[in-house]
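Asks: Return atomic coordinates for the entry below.
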Amino acid sequence: MTAPRTFAIKSFGCQMNVYDGERMAELLGAEGMTPAESGADADIVVLNTCHIRDKAAEKAYSEVGRLRREDGTRPVIALAGCVAQAEGAEAKRRSKAIDVVVGPQAYHRLPQLLREVEAGGRPVDTDLPPLDKFAALPRRRRAGVSAFLSVQEGCDKFCTYCVVPYTRGAEVSRPIGDLLDEAARLVEGGTRELTLLGQNVNAWEDGGETLASLIRRLAPLQGLERIRYTTSHPINMGDDLIAAHAEVPELMPYLHLPVQAGSDRILKAMNRHHTADDYLAAISKVRAANPAIALSGDFIVGFPGETEEDFAATLRIVAQVGYASAFTFKYSPRPGTPAATMNDQVPERVKDERLQRLQALVMEQSRAFNASKVGTETRILIDRVGRKPGQMIGKSPWLQSIFVDTDAGIGDMIDVRLTAALPNSLAGELIAPGSKQAA
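Replies: Residues are numbered from 1 along each chain as shown. As a prediction, this is how the structure comes out:
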């Protein structure tokens with residue numbers, strides 16, 4: 001076969017996959033390939049998959065089937081990401097259309113694997129070398145206004161419902177020098193907001209350095225306006241990181257801190273390593289450090305053995321915390337995880353009903369949080385064009401989208417007065433010159 005000339009990458013799931021997709025695009029670009037105008041016309045399509053949701057593998061194979069064209073041809077297909085890691089060589093047996101199977105810690109070898117395809121092979125690479133890929137990846141060339149920076153990968157927590165330790169490997173941290181260098185290049189390229197990524201991002205460390213000290217080292221970068229991080233674990237929410245939320249202006253007043261359940265019995269069964277009171281204590285410290293902080297969380301309903309009393313404890317913790325936003329899921333078994341074989345699996349109809357109640361409470365809190373911002377002034381980072389003429393969309397410090405009529409361009413920081421709360425966003429108006437400026 002001839003060497004691919006154009007590519008398309010389709011990423012599913014978490015922000016780490018978005019980051020990985022961007023780095024794979026850089027890899028293929030360094031090989032002289034260009035993004036296809038239409039994904040359907042690409043010479044190679046990379047499906048960068050996620051294994052968190054239910055029936056993830058089946059959905060991945062459905063995507064493979066959709067890539068066959070009307071004339072019977074198809075692109076070279078690379079199955080990447082966590083489904084690739086979990087399926088391994090089985091993916092080739094299940095679908096003859098898959099040419100390459102490459103896991104999330106091996107995608108730096110994608111160009112080499114494509115050359116093997118050209119020679120008639122169907123390679124599989126699901127090795128889990130610690131951080132080898134970062135040394136092999138090309139220097140960052142592309143930079144958006146907001147950019148992800150992967151600082152930590154893998155997980156040692158082994159929550160009983162989760163596949164991440166098996167698909168992403170052991171918990172490892174990238175060296176601080178590499179991170180500062182990559183961040184500097186991104187900012188030089190126009191990035192004004194950095195989101196630090198990790199499966200357990202606040203477990204990042206390098207010698208005596210912690211995530212808090214990394215944030216403090218990044219904050220002085222000329223041109224960097226904002227820093228965020230995700231996803232955190234409650235047991236790694238150290239006092240130095242909490243203090244950074246009070247002392248580093250560039251660190252945005254937003255924290256995504258999953259708890260998963262409000263019942264200590266269920267948290268123990270999940271192997272979460274914390275109690276509900278531990279979580280609430282961390283939240284209390286964060287709010288004492290920065291009362292303006294917006295909180296987000298993750299919740300799983302219907303975990304094996306969950307009773308109505310257990311679920312009521314989850315509703316209580318949501319009511320007590322008061323979230324700006326939250327991600328809510330029904331428990332679904334993942335092959336190979338301990339929870340998949342636990343007794344007392346909760347019926348689907350019960351999970352459905354509990355999820356609806358939880359989502360109603362979360363939505364009520366989210367709307368109340370947005371409504372509380374109406375009439376206040378803040379600074380937003382313009383990151384995309386709105387649908388209406390003259391409309392731009394910016395990101396608030398609390399991570400909401402703000403719609404505003406302005407001639408400001410992408411990458412500009414502007415001061416706005418928030419005028420209306422929408423279901424999942426807000427509307428604002430430009431503060432006139434000479435009027436009170438937003439903090």
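Asks: Which secondary structure element of the protein has the lowest mean pLDDT?
Replies: Taking mean pLDDT, DSSP states H and E as the measure, the helices and strands of the chain show their lowest mean at helix 132-136, namely a mean of 70.
Asks: As a check, name the ranges of all strands in the stretch 251-400 of the chain.
Replies: Assigned strands in the stretch 251-400 of the chain, in chain order: 254-256, 294-301, 325-330, 377-385, 391-395 (criterion: DSSP state E, counting those that start in this stretch).
Asks: Remind me what the shortest one packs against, helices and strands.
Replies: For strand 254-256, the contact count by 3 or more C-beta pairs under 8 Å, 6 or more residues apart in numbering; DSSP states H and E identifies strand 294-301 as packing neighbours. In this view, the C-beta of every residue, glycine as well, is placed from N, C-alpha and C.
Asks: Buried residues, the strand it packs on. List them.
Replies: If you call a residue buried by 16 or more other C-beta atoms under 10 Å, then strand 294-301 has these buried ones: 294-297, 299-301.
Asks: And stretch 360-378, by the same measure?
Replies: By neighbour count, with 16+ other C-beta under 10 Å as the criterion, the buried positions of stretch 360-378 are 361-362, 365-366, 369-370, 373, 377-378.
Asks: Please produce CSV containing those, extended by distance to Leu214.
Replies: Shown next, in CSV, are these (distance: C-beta to C-beta, whole Å):
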residue, distance to Leu214
Leu361, 35
Val362, 31
Gln365, 31
Ser366, 30
Phe369, 28
Asn370, 31
Lys373, 29
Glu377, 31
Thr378, 26
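Asks: Give the next helix or strand downstream of the strand or helix carrying Pro165.
Replies: Taking DSSP states H and E as the criterion, the element that holds Pro165 is helix 164-167. Going down the chain from helix 164-167, the next helix or strand is strand 172-173, by DSSP H and E.
Asks: Against which helices or strands is that next one packed?
Replies: strand 152-153.
Asks: what's in contact with the strand it packs on?
Replies: Counting contacts by C-beta atoms under 8 Å, 6 or more residues apart in numbering, the residues outside strand 152-153 that touch it are 16, 105, 131, 168-169, 171-174, 197-201, 203-204.
Asks: so which of those is the most crowded?
Replies: Gly198 (28 neighbours; other C-beta atoms under 10 Å).
Asks: ok, that one - contacts?
Replies: Listed by C-beta under 8 Å, 6+ apart, the contact set of Gly198 reads 16, 150-153, 204, 229, 231.
Asks: Need the worst-confidence member of those.
Replies: Of all the contacts of Gly198, the model is least confident about Met16, whose pLDDT is 82.
Asks: Assign that one to helix, strand or coil.
Replies: What DSSP: H, G, I helix; E, B strand; the rest coil gives for Met16 is helix.
Asks: Nearest residue to it in space, please, no chain neighbours.
Replies: Taking C-beta to C-beta, 6 or more residues apart in numbering, and ignoring the residues beside it in sequence, Met16 has Leu197 as its nearest neighbour in space, at 5.5 Å.
Asks: Okay, buried residues for stretch 299-310 please.
Replies: Within stretch 299-310, the residues that count as buried by 16+ other C-beta under 10 Å are 299-306, 310.
Asks: Now flag whichever of those is closest to Ala326.
Replies: Phe299 (6.2 Å; C-beta to C-beta).
Asks: my guess is that closest one contacts Arg357, does it?
Replies: No - using C-beta atoms under 8 Å, Phe299 is not in contact with Arg357; the gap is 11.3 Å.
Asks: residue ranges with poor pLDDT in this structure?
Replies: Scanning the chain for pLDDT under 70 picks out the ranges 1-4, 39-40, 52-56, 129-133, 141-142, 433-439.
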